[in-house]
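Student: here is a sequence together with a model predicted from it:
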Amino acid sequence: MKVAIYCRVSTEEQDADKQELICVEDCKRKGFEIYKVYKDVISGTTSSRPNFNKLLEDMRTRKFDTLMVTKLDRVGRSLKHLLSLFDEFQSKGIDFIAVTQNIDTSTASGKLQFQILGAFAEFERNMISERTKEGLKKKRDGKRGKDKKPRKRRGVLKSPKNYYGK
């Protein structure tokens, strides 16, 4: 079985080599042949990922039988995106394996897990986005921390009442 491995990290500070190592070791254990390793350093929400696009081109010409990743969220931006990819994989006869989540779409239980984890991955991404937007709004409002007290402005003198502790 020929396997394509896809690794993605969001920033240059992160390292995709660990993802690659996990997948390569799994391929060795299962006796799979590695066709190619594709790596992107780009946010998962970005619609165009150069090496992922190349992977899709190779998949459409059946250069490999299985796509392997460490986790489901390395591939899809949303549940809708994951499901459309899954439909295309299925129509081309491509199996999907997420190593650390024990998902293997060549089985019925693997297909179910794929859909459930995809929903949770999208939920998690939306929660992170909401928290980030909330944090940015608080920063704009000049509030911080648990007490939500306004920040003190630099260069502004304290009132004499507060300065002398009265």
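Tutor: That came through fine.
Student: which residues touch the helix or strand R8 falls within?
Tutor: Assessed by DSSP states H and E, R8 sits inside strand 2-9. Strand 2-9 is contacted by residues 15-17, 19-20, 23-24, 27, 32-42, 44, 49, 51-52, 55, 58-59, 63-70, 74-75, 97 when judged by CB atoms under 8 Å, 6 or more residues apart in numbering. From N, CA and C alone the C-beta is placed, and that goes for glycine too.
Student: apply 7 Å and report the result again.
Tutor: Strand 2-9 is contacted by residues 15-16, 19-20, 23, 27, 32-42, 44, 52, 55, 58, 64-69, 74-75 when judged by CB atoms under 7 Å, 6 or more residues apart in numbering.
Student: following element in sequence after it, please.
Tutor: Following strand 2-9 toward the C-terminus (DSSP H and E): helix 17-30.
Student: pLDDT weak spots in this structure?
Tutor: Across the chain, the ranges flagged by pLDDT under 70 are 44, 140-166.
Student: longest helix in it, please.
Tutor: helix 108-140 (DSSP state H).
Student: how far off helix 17-30 does the strand holding R8 point, in degrees?
Tutor: 160 degrees (axes from the mean of the first three to the mean of the last three CA atoms, to 10 degrees).
Student: what strands line up against strand 2-9, and which way round?
Tutor: strand 33-41 (parallel), strand 66-69 (parallel) (DSSP bridges).
Student: please identify the buried residues of stretch 106-115?
Tutor: Judged by neighbour count (16 or more other CB atoms under 10 Å), stretch 106-115 contains these buried residues: G110, K111, Q113, F114.
Student: what's it in contact with?
Tutor: L72, F86, D95, F96, I103, D104, T105.
Student: wait, the last one touches F96, no?
Tutor: It stands for T105. Yes - counting by CB atoms under 7 Å, T105 touches F96, with 4.4 Å between them.
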